[in-house]
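Enquirer: Fold the following for me, if possible:
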Amino acid sequence: MISVNDIVAIGGVLVGVIGGIFGLAPYLNKRNINVDKVLNTTEQVLTAAEPLIKISETFPALKPAGSLIDWMEQKAKAGVKAAEQLYHSGILQTDEDRFKAAQNTVYAALKEINVEPTMNQKKLISDFIQEAVNDLGHAIPTETEKNAQIQKVQQDLAEVQKENEKLKQKLANIQNTVTPVQKADTAAGGNVS
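Expert: Now for the predicted structure:
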């Protein structure tokens, strides 16, 4: 957001530049100073400095605190997305694991720019992570994910069916063992009262 002070400063610079062009340039020409050469040199310096200015704008440590907060929010979103990918690949198992992974992403980014997060910043990071998780929503699984889920369910079903067959076999073995004992007991007059 542009504040009133910024607008006043920009206005002052514009008045100065316009005044310089219309007032100073004719004066300097009368004094035999090559204004075109000075302006060209100034333009070249500004053109050369522009990439450095653009790069400096990307460093959060050089920006005001509000920009650092915006930057932390962006890193929280990136951390949530990375944690979600790790969850889908099976590396992370619980929601707590995903939260800690996203949090570690933001803390690692802050460490890279030599910022030790305060308690307030840690609270904001946690809130940003929660917000990013809510923004993820419940995405409809892709066809690949659906096919993987179907394949897993089919594998689980096959395992359960095998286990069921084993249990049936054990039950049949137990019944085959118990039935001859019962017949032998009955044939021997096994009514014991």
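Enquirer: List the buried residues of the helix-or-strand element of the chain with minimal mean pLDDT.
Expert: Per-element confidence for the chain was summarised using mean pLDDT, DSSP states H and E. The lowest value among helices and strands belongs to helix 35-58, with a mean of 73. In terms of neighbour count (16 or more other C-beta atoms under 10 Å), helix 35-58 has its buried residues at Val35. For glycine as for every other residue, the C-beta is placed from the backbone atoms N, C-alpha and C.
Enquirer: State the next helix or strand along the chain beyond that helix.
Expert: Using DSSP states H and E, the helix or strand that follows helix 35-58 towards the C-terminus is helix 65-88.
Enquirer: Report all helices and strands that that next one contacts.
Expert: With contacts defined as 3 or more C-beta pairs under 8 Å, 6 or more residues apart in numbering; DSSP states H and E, the secondary structure elements packing on helix 65-88 are helix 95-112, helix 119-136.
Enquirer: Compute the inter-axis angle for that helix and helix 95-112.
Expert: Taking axes from the mean of the first three to the mean of the last three C-alpha atoms, to 10 degrees, helix 65-88 and helix 95-112 form an angle of 140 degrees between their directions.
Enquirer: Buried ones in helix 65-88, by neighbour count?
Expert: Those would be 68-69, 71-73, 75-77, 79-80, 82-84, 86-87, for helix 65-88 by 16+ other C-beta under 10 Å.
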